[in-house]
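Undergrad: I would like the atomic coordinates for the input below:
(chains A, B, C and D)
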There are 4 protein chains.
Amino acid sequence: MTEFFKNIPAITYQGPSATSEFAFRHYNPDEVVLGKRMEDHLRFAVAYWHSFAWPGGDPFGGQTLQRPWFGDSMDLARLKADVAFEMFDILGAPFYCFHDADIRPEGATFAESKRNLDEMVDYLGQKQADHKTQLLWGTANMFSNRRWMSGAATNPDPDVYAYAAATVKANMDATMKLGGQNYVLWGGREGYETLLNTDLKAERDHAGRFLQQVVEYKHKIGFKGAILIEPKPQEPSKHQYDYDVATVYGFLKEFGLEKEVQTNIEQGHAILAGHSFEHEIGMAAALGIFGSIDMNRNDYQSGWDTDQFPNNHAEKAVAFYEILRAGGYTTGGTNFDAKIRRQSLDAEDLILAHVGGMDTCARALKCAAAMLESDEMEAHRRDRYARWETPAAQAMLTGGLEAAAARVEAEGLEPEPVSGRQERLENLWNKYI
Amino acid sequence: MTEFFKNIPAITYQGPSATSEFAFRHYNPDEVVLGKRMEDHLRFAVAYWHSFAWPGGDPFGGQTLQRPWFGDSMDLARLKADVAFEMFDILGAPFYCFHDADIRPEGATFAESKRNLDEMVDYLGQKQADHKTQLLWGTANMFSNRRWMSGAATNPDPDVYAYAAATVKANMDATMKLGGQNYVLWGGREGYETLLNTDLKAERDHAGRFLQQVVEYKHKIGFKGAILIEPKPQEPSKHQYDYDVATVYGFLKEFGLEKEVQTNIEQGHAILAGHSFEHEIGMAAALGIFGSIDMNRNDYQSGWDTDQFPNNHAEKAVAFYEILRAGGYTTGGTNFDAKIRRQSLDAEDLILAHVGGMDTCARALKCAAAMLESDEMEAHRRDRYARWETPAAQAMLTGGLEAAAARVEAEGLEPEPVSGRQERLENLWNKYI
Amino acid sequence: MTEFFKNIPAITYQGPSATSEFAFRHYNPDEVVLGKRMEDHLRFAVAYWHSFAWPGGDPFGGQTLQRPWFGDSMDLARLKADVAFEMFDILGAPFYCFHDADIRPEGATFAESKRNLDEMVDYLGQKQADHKTQLLWGTANMFSNRRWMSGAATNPDPDVYAYAAATVKANMDATMKLGGQNYVLWGGREGYETLLNTDLKAERDHAGRFLQQVVEYKHKIGFKGAILIEPKPQEPSKHQYDYDVATVYGFLKEFGLEKEVQTNIEQGHAILAGHSFEHEIGMAAALGIFGSIDMNRNDYQSGWDTDQFPNNHAEKAVAFYEILRAGGYTTGGTNFDAKIRRQSLDAEDLILAHVGGMDTCARALKCAAAMLESDEMEAHRRDRYARWETPAAQAMLTGGLEAAAARVEAEGLEPEPVSGRQERLENLWNKYI
Amino acid sequence: MTEFFKNIPAITYQGPSATSEFAFRHYNPDEVVLGKRMEDHLRFAVAYWHSFAWPGGDPFGGQTLQRPWFGDSMDLARLKADVAFEMFDILGAPFYCFHDADIRPEGATFAESKRNLDEMVDYLGQKQADHKTQLLWGTANMFSNRRWMSGAATNPDPDVYAYAAATVKANMDATMKLGGQNYVLWGGREGYETLLNTDLKAERDHAGRFLQQVVEYKHKIGFKGAILIEPKPQEPSKHQYDYDVATVYGFLKEFGLEKEVQTNIEQGHAILAGHSFEHEIGMAAALGIFGSIDMNRNDYQSGWDTDQFPNNHAEKAVAFYEILRAGGYTTGGTNFDAKIRRQSLDAEDLILAHVGGMDTCARALKCAAAMLESDEMEAHRRDRYARWETPAAQAMLTGGLEAAAARVEAEGLEPEPVSGRQERLENLWNKYI
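TA: All right, here's what the predicted structure looks like:
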């Protein structure tokens, strides 16, 4: 045992009236909701990067967090893993996620980075064997190092494309070896800073071919997990190609990948793209590409990605409702891509941020489940569209414009609008919150 | 002749040093730019709606503009058309555009509205015969009347879908009869106010089938113009399905229409979606769906669609550069979907707003053409991606992930980043402004 | 009794498990919270304008709502008042608010408008005598009519200033006669569309002098209520002078009015200005100018003022916490400046929107009161700043820069940062939600 | 001479048709504009921080720029100064600006940092003696080091206030010694991350007292330059106290400093606050607190501070017009608080970014000057407000509300609105662009 979390107890469910900060008030892993344990619904994952690799900097200030494992040696990487699994244990988290750069020191060459990765994969494999927590997904950090500054697969330099291919291959191998249930791609630098120096079509074509190669490789090695794309509209780039769910869908269709790739949706990214979180989930479900969640929240008054822990269960309930309507997660889960504030210096802060986030999600899930079980919302929705089930309505869709138009004149149609009942449905929600 | 524009002269090109307000300083229709007359490049169209149908209201105030043709009779509709063509003559505009609701009074029934439309189409046909100005495109207003409040093709009520079909059919017929070169669909209410009462998948399916029917009908009647979708992310709806160019592309792919339908891009809508105008044009070109332009600007400090006349040629030059790179317009054109401010009460304001907008575009076109002719920007772009032309690079694309990855290890690749030169390219732009 | 709300029962408190839509689940007027009845804490007011005068239009569509009292006669104005008081009764609302334009038809001249106003004031006075509901505040609509298009007190035309003076005087008289507890000024057109035609300094000076005259008149007639300014950053104008609370404070200081005028704060306006609702309340309290609340919410994904009914009590609890910390309302109250969606056509929608909003506020108030009573949050806050109470710290403030600086060298100060504990405090909040 | 800029020539004015990148096309220091040399109008300053201290990081990636002077020793600090003055010479910049942290390595203690600062001040003093370039202003970096994470003067820990006092004193002394013409305070961490742990009133009071102490110290040491506050609404903090010009004005009034302190206005910050650049300048002029400019631009599609070099002279012309209307700079100047993009790796990029920025400003200045000289815009403005000069209008301001109101009834006033002519004035602008 390291000293980092000493004196912090394992967090257990103690109910809404718990007096200790170090307790779940709402997250009760074994409680059955809609026929499934909460843990199996929520499939919480801890993000290695924000919790163990982020030093607390922002564009106007440097490191605030001081961690005994910060540094570049393999020993420190192992210490970091030890502390990470101690936190996973304290939280009882079933999953974690990582980028290669989170778990291993960067080497001087690709080969050295790869060796470091392989060693740490072995170390983490042993950790997983000894602990409950398993790998939800792995990914490659292809945005921090200066080599990626102009993109990875979309880089004007084909050597960087090659480097990206080698990097993703190594990470897919690592993820598979660790039993990861998904492999994620976030195109942080796949975009542009200025159109003036950019060949949009070439970059899209390269990105599309790269993703095809990833899918081909997945099948080749027999990786059973899902391939996930994480949409984000901008930041760090001025414009990122995976702008939002609808954009990713068009991209997948263009390259014939819409059956092969799903989305990893993040609230903060949804908001930067001008959408609500529930919109992005609902849209992904409608398009058949819903996969997993990066759970955080943005500050609605900030125009950048604040990646804060969720703390409003009323807001999150609507998101979980869309997840439940979509059938819940299969390989996906609820990954906390959320970081403590840079002023939250203490080990306790790190634990309690997760406790609050998990409780917020658990509470939201229960509200959403009760709503779904009641069928009150769905009954209204079905009723609103019920007239589309009539033969005449269906015939309009199969026929042509003229046939549909003919009905108007033949029947003298002058449709009278019907209330959308938005406020009543919002009140209905609040009955379940 | 009506009295409305009395004392306002026809606007002619008088060069940059013109002293009169009522002169073009930059728009010289017959001047040849890149081998084509400016008029044929720019293909200006005047929007009937903002200039002749809008009363000057906003969410906090009513009508400010007082026009002798405001009202609901056929006589007033004809007076409006008379004034409109007087303005087209004054400006020398080669084109105009309209919604049905702009040119005819709404009837008490569909049949009456249709009769009014047919009569006005005849009247406008005569006008076109007597004047230079022809129809760039027609469209249906399916957002103002309360029947459309919950959508047209995406309405929960199939009778509204039928009404929309009848309306679009009537407008396609009208557009064809008037020799319109395009038919436009803007989905102003095709979206939602709240997800709580919305069936996303059903609404998308209905919208997709509707568009297929439109395309089928186009071929049936032999309409040779283009079908255009106008993306907009929101307003009036909280979320509109035709969010931006990339979203429209995914939608077209889903319904097999990406070869049949193009986009009509508006700067204001681009900005509301978080994009630059040039981004949307460049993206449409890259995806093969660039069609036409609704020219206006948004106020960068306002979060709604301000639809102002363009007045910054330096900004517009980058947009026209993307249009020229895309090969210029075919059936499309530069439609002013821009309205004078509600405090701009006078007939002179209406004329001068167009004069300023046309000059801004003309100046932008000339800058863009000079840049393209110099090849300075394109030479840099080609150079930046040149290494992709090598056999090794091309082989990486055709091969698999492993082959690409193998190069890294075999060749010990450690790619060194290269300057993106953004500021130098921005300076280069300014050489041509 | 009119027919409008027939079959809708009076809304009573039935507790969280109420099964009817037509019941309060949380708002229990007589329940005592922090030693005061909930009704006396919340001081709910219904806004005449959105609920009875707004036809349901938006920038892209006209009237959707059809009300039997819509029109311009005095008879219809009286019918409107009858229906309004029926709704006030159904809700048990203690207060209402109006603009002159909501309650009387506009006349052909100022004198006729004034006569209409006077008659309706008598009619409303009688209504108030017969009903529980009294006037929270009155105000003048100086933004809808075209005469105000370039501002009221800030108009370039001094005759409009005169008209504004006459209008405000009439409305202050009316408010006083009806026992109104406040008089509100919202500067909807006090701002500019373009700097190019604006004399910023002159317009500010006129606005300042106007407000001084309002205060002088208040004292002259012995009006005991508060004068309130409602900040809003933009919309309808590009820039409005009463941008936010801090801007209003500077304006009041400039014209010596900071002891005479307070603020009426609206969440939607706060958000448009880039602030949270609780920020604006807390800032007003810190500056000594907190007065009253316009309760609504904005849609976080829309860039304009959506004025929706509040429905997230977790969010509102933080706002009510700031109100309670500021000592609660004195003459102010919770006015619903919120409108039903334009698709919410039915009388039931109007009632239920208010029921939901009132319940959301009541629930928020109870959470905030429990938090304040526990002192948990305040204890942390006091503790965080406790070191400022030491004599050495206080001496630093009274001394000069050099004395403060001298401490650093003398004591070798190298201050160690302390955790801000944000996530723990957010968890603490959730204990009370 | 260092090697860094070898082969880069001194930049000279070569006129609009210059073929070299390394030439001014518009900035001609000795050209007389409105009776003053351009250099004396524009008073360009180079920012030490972005150009010499920034490593090219962003929230998702680390250092991209590799400079021989990066590191923490005094030798490297001197090398950095050598290179900086070489660039100042190449550009012919009359001024530069710095934070303490830009010019000296941070020491292990305050005393060591101070010693480093003092040594570097001597070194820079010698540089200034040998070169043309002098100090426009100095400032203290009180946001990067972790000690400032919760604020400087507004820190909950009074020891940090003391540290801030000692730091500002040292920097004021340094600035005075180097003949700096202004001293600037930017409150990067003077604000909050969450209201939950913040005492707004106490923090404002401390900030106010701190600023009073700064002003007292200025007078004590006889510093003749101006004290400037730089407004910014947010980033890095969620909310910053110096939100915008109007907020700063209220703050200065509260603490009796409005005659002592002026503003340093930055376009990027204006935009983040929801304002145009010209608005902030015009507002500062109207309030009597205009001081200086931080020149950059934001990307209108990004919600954070992008600090890019200005490249649109049409946009900047309106800003320079407001500066000229305000009488131009006295002690202030045009400081480039703009950084090259992180992909702009080369020494040439650094030079050319400044060349482009200086040319953009010069071109904007010339347009603005020509407009002002023509008096066309001002004639319209005077005319618009001319009726306020009449005795009747002036009497309205000195009298009370009743007198003004009485005019309406006595004269039967029904003011007719007059066109605001926005588009015509925009066209007028373009005549001078």
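
Undergrad: So A:D173 sits against A:K220, correct?
TA: No - using CB atoms under 8 Å, A:D173 makes no contact with A:K220, being 11.2 Å away. For the C-beta atoms, the positions are set from N, CA and C on the backbone; glycine is no exception.

Undergrad: what about those two, which has more around it?
TA: Shown here are A:D173 and A:K220; by other CB atoms under 10 Å in any protein chain shown, A:D173 has more neighbours (18 against 11).

Undergrad: who's in contact with the more buried one?
TA: A:I221 (CB atoms under 8 Å, 6 or more residues apart in numbering or on different chains).

Undergrad: Assumed it was part of a helix.
TA: Yes - applying DSSP: H, G, I helix; E, B strand; the rest coil, one finds A:D173 inside a helix.

Undergrad: From B:R381, how far out is it?
TA: As for A:D173, its distance to B:R381 is 36 Å (criterion: CB to CB, to the nearest Å).

Undergrad: same question, A:T398
TA: Using CB to CB, one gets 48 Å for the distance from A:T398 to B:R381.

Undergrad: which of those two has more neighbours?
TA: When A:T398 and B:R381 are compared for neighbours, B:R381 comes out ahead with 20 against 9, by other CB under 10 Å.

Undergrad: May I have the predicted confidence score for that one?
TA: Note for B:R381: predicted pLDDT of 98.

Undergrad: next one: A:M1
TA: Looking at A:M1, its pLDDT is 86.

Undergrad: element containing the nearest residue to it once chain neighbours are set aside?
TA: Of all residues not flanking A:M1 in the chain, A:E86 sits nearest, at 6.8 Å (CB to CB, 6 or more residues apart in numbering or on different chains). Per DSSP states H and E: A:E86 is located in helix A:74-91.

Undergrad: try A:R381
TA: Element membership for A:R381 (DSSP H and E) is helix A:376-385.

Undergrad: what does the stretch 201-350 of chain A put close to chain D?
TA: Neighbours of chain D within the stretch 201-350 of chain A, by CB under 8 Å from any CB of the partner chain: A:234-236, A:238-239, A:272, A:299, A:301-305, A:341-343.

Undergrad: Tell me where the model's unsure across the stretch 51-200 of chain A.
TA: Under the criterion pLDDT under 70, no range of the stretch 51-200 of chain A is flagged.

Undergrad: can you give me the strands in it?
TA: Counting by DSSP state E, counting those that start in this stretch, residue ranges of the strands within the stretch 51-200 of chain A are A:95-99, A:134-139, A:182-186, A:191-192.

Undergrad: check whether the first one contacts chain D.
TA: No - using CB under 8 Å from any CB, strand A:95-99 stays clear of chain D, with a minimum separation of 11.3 Å.

Undergrad: now swap in the last one and tell me
TA: No - remark: strand A:191-192 sits outside contact range of chain D, by CB under 8 Å from any CB, the gap being at least 10.0 Å.

Undergrad: CA atoms of the next helix or strand along the chain from that strand as CSV?
TA: Next helix or strand after strand A:191-192 toward the C-terminus (DSSP H and E): helix A:200-221. C-alpha atoms of helix A:200-221 as CSV (Å, rounded to 0.1, in the frame of the first residue of the first chain):
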residue,chain,number,x,y,z
LEU,A,200,-10.0,19.3,-46.5
LYS,A,201,-10.7,16.6,-48.9
ALA,A,202,-7.3,14.9,-48.7
GLU,A,203,-7.4,15.1,-44.9
ARG,A,204,-10.9,13.5,-44.7
ASP,A,205,-9.8,10.8,-47.2
HIS,A,206,-6.8,10.0,-45.1
ALA,A,207,-8.8,9.9,-41.9
GLY,A,208,-11.4,7.7,-43.6
ARG,A,209,-8.8,5.2,-44.9
PHE,A,210,-7.1,5.2,-41.5
LEU,A,211,-10.4,4.2,-39.8
GLN,A,212,-11.0,1.5,-42.3
GLN,A,213,-7.5,0.1,-41.5
VAL,A,214,-8.3,0.2,-37.8
VAL,A,215,-11.5,-1.8,-38.4
GLU,A,216,-9.7,-4.2,-40.7
TYR,A,217,-7.0,-4.7,-38.0
LYS,A,218,-9.6,-5.3,-35.4
HIS,A,219,-11.1,-8.1,-37.4
LYS,A,220,-7.7,-9.5,-38.2
ILE,A,221,-6.6,-9.8,-34.6
